[in-house]
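Trainee: Would you be able to build a 3D model of this:
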Amino acid sequence: MNLVIVESPTKAKTITKFLGKDYKIESSFGHVRDLPKSKMGVDTENDFEPVYEVPDRAKKNLTALKKLAAKADRIILATDEDREGEAIAWHLAEALKIKKDKAERIVFHEITKDAILHAMESPRKLYMDLVDAQQARRILDRLVGYELSPFLWSKVARGLSAGRVQSVAVRLIVEREREIQAFKPDEYWSIEGIFNNKEKSEIRTKLNKIDGEVVGKLGIKNEKQAKDILKDLKGANYSVSNVKSRETKKKPPRPFTTSTLQQTANRFFGFSAKQTMMLAQRLYEVGYITYMRTDSVNLSDKFINDTEKYLKDNLSDKYSNVTRHKTKSKGAQEAHEAIRPTETTRDPESINGKIDEKQFKLYQLIWQRSVASQMSEAIFDASTIDILHEKEKYELRANGQVMKFDGYLNIYPEKSKELDLPKVEKGEKVDLEKIIDEQHFTKPPARYSDAGLVKEMEKHGIGRPSTYAPTISTIETRNYVERDDNKRLGPTEIAFVVNDLLVAHFNEIVDYQFTAQMEKDLDEIAEGKKEWQPVIKDFYIPFHKNLEKKYKEINKEDIMPEEKSNEKCDKCGAEMIIKTGRYGKFLACSGYPDCKNIKSMPGKDRDKDGKSDDKQVEKLQKKYDGQKCEKCGEDLAIKVGKFGPFLACTGYPKCKNIKNIEENNNSTGVKCPECGKGEIVQKRSKRGIFYACDQYPDCKTAFWAKPTGKKCPDCKALLVETKDGDVTCSAKGCGYKK
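Mentor: Numbers count the residues shown, from 1 in each chain. Below you'll find the predicted structure:
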C-alpha cells in the first residue's frame, strides 16, 4: 500500500480520482506540529532551537496516520509547493518518524490527473532550505509576539498584541487616517462649453487653455475667476482650430498573482482578501484552478497553446496573441506559475451550477483574466476637437473615443467608455449653446480597502502572497481596525496609541524598510544563501535589549493618562475616571480595587466623521421617554452598542430585553428598480448602514451606498452616492463615475 498525505480532505478526495487502488490518500488537516500555545517554545539561550508539540486538535488524526504509515510500503508527502507546504511535509516526516532520505516528496501546481501522475514519476527529497525559511518566519513572529505583547499589556491595556507584519500594516492604516484628518480641501472650478456644429450635432467641451497655457485641475481657484471667464466666453464667436484623430491601443492585463487577484476581486465583487483566498483555495482543491499563492505571472506552454487554439476555434485568428509574461517582482518565489484555470476549455458556463455563486464569480474572473492575457490589444480611434474663442484667449477641447476592435475586451470585463464626436472641419464656425461653471473641492485620500492595503504592502515589500489575507484578518480580529460603511479599513482608538508607542520606542518593528529587508533575508534562507539562526540572532539581541530598557523607562501613566469625568459610580459613589482599553475609552471607578465597577462611555455614538454625538442620543432618549418594556414593565432607555443606538430594559440584568430603534428618517424616496413596488430605505447591519427594498423578503434588492434615484447612462442601473461624495454606478463591473 502506498500512503499519500496531503493537507486537506477536499484535496485528498480530488487526488483519489487520479490514483489507483494501490494508493491511499489521507489528510493531515493542516499542521501536525507547532510551537506551543501556553509558552514561547523558542530556546533563546540555545541557538533559538524551537520546541514543537502536537496540538490537541491534531492528536487523534496523527495517531491514525501513524498506524497507516506503519503498514505502508511507501509514504509520499504531497503538501503544497510553497514554504509552508514544505514545512508541513517536514513536520509530518518528523511526527511519523520517517527518515529524511526516505521521505518521498512530490509537488504540483495544479490538481489534475496529468500533474499528479507526472509528480508521482519524479519524487524528490525534502528541501530543508525552504523548511528553514518557514521556521525562521514562525520563530521571528513568535519572538516578537510573545515578548512585545506582554509589554503592551503592562504599558497600555490587557489583551493587546503586536506582530512583525501586523504592526506595520496597522501603521499604514494609522498614517493614512492622519493624512485624512490633516487634509484641508482646496476650492477649484471647472468650465464646460456645449457647442453645435452646422448639422446641429452637440460637441461637449472643457476649458483647456488660457493664453496658450494649459488649465490644470486647480487652475481656476475661486468663483470670481470662474465668473470672469464666463463673462468673456458668453456671446463670443467660436471656430474649430484643430481636429486630430489617431489610433490608440490598450494592452491586455497580465494573469493574476495572489495580490492582483485579491485587489481585483475586492474592486469587482467587494470580497475581502480573506474571503478571496478561501474561495480560491476551494477552487484549487477541486482541481479548477492552479495554486493560488504565487507572485509569478508565468504561464505553462500547455496553457498558452490550449488558449491559442481555443481563441482561434471560438473567435478568430485575429483575437489570439501568444504572450509570455515575465515576472517583475525581485523576490518572486512562492510558485512558478500565475493563477489560471487548469483547463482553458473549462469555460465558466460549463461549471455554472456546479459550484456556489461566489466561487463561480471568482472562477469566471480568473478564467477571463487568464485567457485575456493571451489575446490581442483593443484598438480605438481617439479624436480631439479644439475650439478657439474669437480673441484666441480661450481654447476648449472635446475628447472622443470609438472602439475599432475589441480584442481582449471581448473576454475580460473592463469598461471602456466610448464617445463618438461629430464630424467637423478645421476653421468651421460653431455655435455656443451653453456654458457651465461648477464648483469643486479636492478630497482627502480614501481609507484603504482590502485591495488598496494589499497593494501598499506589496509596494513596500511587506509580507508575501501567503501573508496578505491573514494579516488583514488578524488586525481586524484584534480590534486595531474596523470597517466603515464602505467596508474600508479605519483605525480604532487603541490603534493610534499602540502605533505611536511602537514608532517611538520600537521603530525597527514597524519600519517599512526593515520589514522588507527581513523578507529578503527569509528569501535568501529559502535559496540556501543564508543560515536561519544568525538572521534571528541579529534581530533578537538588539530587540530584546531595547525591550528590557523600555520596561524601565516607560510609565503606563505617560502612555495612557487617565481623564476626569463628571460621572459618579452608581455602586459606591466615588468619581468615575476615563480609561482607554483594548476596545477604546470606558468609565472606571476611581475606588479600584475596592470597587471594580466599569461602564461604557455615555453617548458613545458616532457621527459621519467618527466624532462623538451625545446630542443624537439625548434626542432619541426624549423621543422614547415613557416607553415600557413589554416583558417586565420597566422603562426602556437608549443604549449605544457597536452598531449604534438601541433600546434596552432598565431592569437589566434581571430583564435582558432589547429592541431596535425604528427611525422615521430612513426613507430615500427612491423606488425599487427591481420589483417596482417597494421603496429603498436605510437599514443597519453588522457591516454598517446599507440601503434595501422595504418589500424584503419578497424583494432582496440592496445597496451599500445611498441611491440617488438617477440611472447610469452606460448600463441604466441606479447611481449611488459614496461616503466620499462620489456618484458611481451600483452595477458591479460597470465602472461609471460622475
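Trainee: What about Lys415, how many residues nearby?
Mentor: If you count neighbours by other C-beta atoms under 10 Å, Lys415 ends up with 13. Heads up, the C-betas are built off the backbone N, CA and C, glycines and all.
Trainee: ignore the last one, Leu68
Mentor: By other C-beta under 10 Å, the residues close to Leu68 number 15.
Trainee: Please name the residues that touch it.
Mentor: With contacts defined as C-beta atoms under 8 Å, 6 or more residues apart in numbering, Leu68 is in contact with Leu3, Lys24, Glu26.
Trainee: mind saving the C-alpha coords of the helix or strand where the last one lies as PDB?
Mentor: Put plainly, it is Glu26. Element membership of Glu26, judged by DSSP states H and E, is strand 23-27. What follows is strand 23-27, C-alpha atoms only, in PDB (Å, rounded to 0.1, in the frame of the first residue of the first chain):
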ATOM      1  CA  TYR A  23      -2.800   4.300  -3.200                       C
ATOM      2  CA  LYS A  24      -4.500   5.500   0.000                       C
ATOM      3  CA  ILE A  25      -4.900   9.300   0.100                       C
ATOM      4  CA  GLU A  26      -5.200  10.800   3.600                       C
ATOM      5  CA  SER A  27      -5.300  14.400   5.000                       C
END
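Trainee: secondary structure class for Asp431?
Mentor: Three-state call for Asp431 (DSSP: H, G, I helix; E, B strand; the rest coil): strand.
Trainee: Glu395 versus the residue nearest to it when sequence neighbours are not counted, what's the distance?
Mentor: Spatial nearest neighbour of Asp431, excluding adjacent residues (C-beta to C-beta, 6 or more residues apart in numbering): Asn196 at 4.9 Å. Counting by C-beta to C-beta, to the nearest Å, the gap from Asn196 to Glu395 is 18 Å.
Trainee: Of these two, which one has the most company?
Mentor: Ranked by neighbour count (other C-beta under 10 Å), Asn196 and Glu395 place Glu395 first, with 22 against 15.
Trainee: list the contacts for the residue nearest to Asp431?
Mentor: Asn196 makes contacts with Glu202, Ile203, Val430, Asp431, Glu433, as judged by C-beta under 8 Å, 6+ apart.
Trainee: what domains does the record give for the chain?
Mentor: What automatic domain parsing lists as the domains of the chain is 2-126, 136-183+446-556, 187-251+380-441, 258-372, 563-659, 667-729.
Trainee: Which strands or helices does the strand holding Glu26 pack on?
Mentor: Here strand 23-27 touches strand 2-6, helix 9-16, helix 56-71, going by 3 or more C-beta pairs under 8 Å, 6 or more residues apart in numbering; DSSP states H and E.
Trainee: With distance to Phe690 added, can I get those in JSON lines?
Mentor: Listed next are the helices and strands packed on strand 23-27 as JSON lines, based on distance: least, C-beta to C-beta, whole Å:
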{"stretch": "strand 2-6", "distance to Phe690": "40"}
{"stretch": "helix 9-16", "distance to Phe690": "33"}
{"stretch": "helix 56-71", "distance to Phe690": "37"}
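Trainee: Surely Ile116 touches Lys17?
Mentor: No - judged on C-beta atoms under 8 Å, Ile116 makes no contact with Lys17 at a distance of 9.2 Å.
Trainee: which of the two has more neighbours?
Mentor: Ile116 (22 against 11).
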